[in-house]
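1. dropping a prediction and its sequence here:
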Amino acid sequence: MEYQPRGWYFEDFKVGQRVITAGRTVTEADIVAFAGLSGDYNRIHTDAEYAARTPFGQRIAHGLLVMSIASGLAAQTGFIEGTVIAFREIKDWKFAKPVYIGDTIHVELTVTETKLLRRLGGGAVTFRLEVKNQHGDTVMKGTWVVLIASRGE
């Protein structure tokens with residue numbers, strides 16, 4: 001049996017469509033692993049005593065870690081599985097509030113634009129994203145542009 005993508009093709013995306021992901025709790029292990037992977041050992045992420053004396057009062061997750069988790073949560077929904085060609089652009093990204101160890105985040109994506117790009121075999125789909133915590137607070141937001149395959153002739 002041949003692999004059949006479960007993701008949506010470019011033609012399936014319509015402006016206004018929304019996808020809401022499952023939640024995921026950010027752990028200390030996530031922060032430690034990301035620090036090791038990225039080389040970002042900033043004390044606000046890795047030193048509990050130092051972080052306690054900052055305006056945050058405790059360690060916070062790396063902004064890029066949270067963005068990476070958001071990308072994974074979006075992928076886990078399956079709506080781009082096997083149909084995504086490339087992640088093209090991040091625009092107007094804002095890190096609005098800190099994410100703490102133990103916070104549970106989810107992502108709300110809304111299609112804001114579609115643009116056919118035949119020469120690339122699909123089209124650009126623009127999503128407005130809001131990453132929210134367990135209290136419903138938006139912790140980051142911005143726009144992603146993703147190249148999605150066309151269904152073809």
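-> Looks like it came in fine.

2. buried set for stretch 109-119?
-> Buried residues in stretch 109-119, counting neighbours by 16 or more other C-beta atoms under 10 Å, are found at 109, 111, 114. Placement of C-beta: from N, CA and C, glycine included.

3. could I get those as TSV with pLDDT and secondary structure?
-> Below are the buried residues of stretch 109-119 laid out as TSV (pLDDT from 0 to 100; DSSP: H, G, I helix; E, B strand; the rest coil):
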residue	pLDDT	secondary structure
Leu109	98	strand
Val111	98	strand
Thr114	98	strand
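
4. specify which member of those residues is nearest to Ile44.
-> Relative to Ile44, the closest of the buried residues of stretch 109-119 is Leu109; by C-beta to C-beta it sits at 28.2 Å.

5. what sits against the closest one?
-> 18-21, 74, 127-129, 144 (C-beta atoms under 8 Å, 6 or more residues apart in numbering).

6. if you average pLDDT over the helix ranked longest in the chain, what comes out?
-> In the chain, assigned by DSSP state H, the helix with the most residues is helix 63-76. Across helix 63-76, the average pLDDT comes to 97.

7. what's downstream of that helix, the next helix or strand?
-> Sequence-wise, the next helix or strand downstream of helix 63-76 (DSSP states H and E) is strand 84-95.

8. quick revisit: would you mark the buried spots in the longest helix of the chain?
-> Buried residues in helix 63-76 (16+ other C-beta under 10 Å): 63, 65-67, 69-70, 73-74.

9. what packs against that helix?
-> In terms of contacts (3 or more C-beta pairs under 8 Å, 6 or more residues apart in numbering; DSSP states H and E), helix 63-76 is packed against strand 24-25, helix 28-38, strand 84-95, strand 104-117, strand 122-132, strand 138-149.

10. who touches that helix?
-> Contacting residues not belonging to helix 63-76 are listed as 19, 21-22, 24, 26, 30-31, 34, 38, 40, 80-81, 87, 93, 95, 99, 105-107, 109, 129, 131, 139-140 [C-beta under 8 Å, 6+ apart].

11. chain center to stretch 49-62: distance?
-> On the basis of C-alpha atoms, centre = their mean, to the nearest Å, stretch 49-62 sits 23 Å off its chain's mean C-alpha point.
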